[in-house]
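In: Here's my sequence, what's the structure:
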Amino acid sequence: MQDPVSGFTYPEEWVLLCRDEQSRFLVSKGLAVLASDGTVRKRGFTTGSTAAAAAKAAVLSLTKNCITEVSILTPAGIRIHVPVTADRGTGECVKYSGDYPGDVTAGMTFSAEAVPSDSTISLHFGEGIGRWVRDTPRYMTGDPAVSPLARDEILNAVREAMEETGIRGVTTRIFARQGVEVAEKTLNKMVGVEGGISILGTTGLVEPWDDHLEQAACERAVLADKVVLTTGRIGMRYARMLFPEHEVILAGSRLGTIIPHLKGEVIICGLPAIVLKYINPVILEGTGFSTVEEFMTSDVFSSAMHTSFQNYKREHPDTRIVIVNREGIVIGDSS
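Out: Numbering: from 1, shown residues only. Sure, this is the predicted structure:
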């Protein structure tokens, strides 16, 4: 059995320990994750998937009644079915966190309003959706805090609804009334987003991290002959291309709990932010920058990155660090 999200093939002994047929079905569809002891943890839906469901429901309700569920194609290529409520151009969807206890956006309601227009699609973000308060390498001041993949997911959901209803054009506005309150529990202000939450999602699904899955990731890493630890989905995708003969394992922010259990060469591969702050927690001190992404625009970034490599390698000579950007280009390699 293979996880369609990560591409990991579950060992047969793990599968045999899971005796519940419905649980195995969810795992096979990418809607849940199997641990080494046979337990299953359900994936949740990202803010991007939740907003997409609300938007699709809103558009569908312009011509249809009794809408209680919509299907959404996630960035991972997995179609999910999401409960919604909708009536006469207004749709709502409650954020589902799966079995991830640390999801501060769990239970939030995302709303969307749809109004027919000429043969164009217009997407806007209102109350409770954060906006950037300073320029960054990817966003300008005033831009809504919506990642490109999440925006594409929402637009695709709107297009599907338009095809189903025959509507030629629509203007959709998305908002989250609890957004300002919930954003206080996130790191938004630190990275330059204020006024609400961010709409994100690389895969459209939320990983159900807990002690069981951390242990499973650690066991996979220990058993692998050649291992690459990655910090996210983008890093995972490029790590598979760069190191096709290695076992690629998503460690997220748990690098520090997994690496001490490993022997021999270990490769850490991912985007700069998590990797550099892991190997050098004080890399931003004295720089005047709030985030690694902003620091990357500085003339001294490359020097600081390689100094961080050298200092970390002194304590961890068997660890190789490979930093990639969002286009998959290697911008730093400690080897």
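In: residues making contact with stretch 223-240?
Out: Residues from elsewhere that reach stretch 223-240, judged by C-beta atoms under 8 Å, 6 or more residues apart in numbering: 6-7, 202-203, 221, 243, 245-253, 255, 258-259, 262, 265-271, 274-275, 278, 322, 324, 326, 328. To be clear about C-beta, it is placed using only N, CA and C from the backbone, and glycine gets the same treatment.
In: Buried residues in that stretch, which are they?
Out: By 16 or more other C-beta atoms under 10 Å, the buried positions in stretch 223-240 come out as 224, 227-240.
In: Which two among these are spaced furthest apart?
Out: With C-beta to C-beta as the measure, no two of the buried residues of stretch 223-240 lie farther apart than Ala224 and Ile234, at 21.0 Å.
In: returning to what we had before: for the buried residues of stretch 223-240, point out the one with the lowest pLDDT.
Out: Lowest pLDDT of these: Ala224, 73.
In: Return the backbone torsion pair for that residue.
Out: In terms of degrees, to the nearest 10, the main-chain angles of Ala224 are phi -80, psi 140.
In: Just to be sure, Asn311 is in a helix?
Out: Yes. Counting by DSSP: H, G, I helix; E, B strand; the rest coil, Asn311 is located in a helix.
In: For Ser6, pull up the helix or strand it's in.
Out: Under the criterion DSSP states H and E, no helix or strand holds Ser6.
In: Go through the top helix by length along the chain and flag the buried ones.
Out: In the chain, taking DSSP state H as the definition, the longest helix is helix 148-165. For helix 148-165, the buried set under the neighbour-count rule, 16+ other C-beta under 10 Å, comprises 149-151, 153-154, 156-158, 160-162, 165.
In: What about the buried residues of stretch 223-240, which are in strands?
Out: Counting by DSSP state E, the buried residues of stretch 223-240 place 227-230 in strands.
In: Let me see the contact set for Glu92.
Out: Contact partners of Glu92, counting by C-beta under 8 Å, 6+ apart, are 54, 57, 84-86, 109-112.
In: before we move on, the earlier item: partners of the helix or strand following the longest helix of the chain in the sheet?
Out: The element immediately downstream of helix 148-165 (helix or strand, assigned by DSSP H and E) is strand 170-175. Neighbouring strands of strand 170-175 in its sheet, by DSSP bridges, are strand 109-116 (antiparallel), strand 121-125 (parallel).
In: Go ahead and measure how far strand 170-175 is from the middle of the chain.
Out: 23 Å (C-alpha atoms, centre = their mean, to the nearest Å).
In: Now the helix or strand following it: average pLDDT?
Out: Remark: after strand 170-175, the chain's next helix or strand is helix 179-183, criterion DSSP H and E. For helix 179-183, mean pLDDT rounds to 95.
In: And the contacts of helix 179-183?
Out: With C-beta under 8 Å, 6+ apart as the criterion, helix 179-183 contacts 104-105, 108, 127-130, 176, 189, 193-197.
In: repeat that for 6 Å
Out: Helix 179-183 is contacted by residues 105, 108, 128-130, 196-197 when judged by C-beta atoms under 6 Å, 6 or more residues apart in numbering.
In: out of the contacts of stretch 223-240, which are buried?
Out: Buried, going by 16+ other C-beta under 10 Å: 6, 202-203, 221, 243, 246, 248-252, 255, 258-259, 262, 266-271, 274-275, 278, 322, 324, out of the contacts of stretch 223-240.
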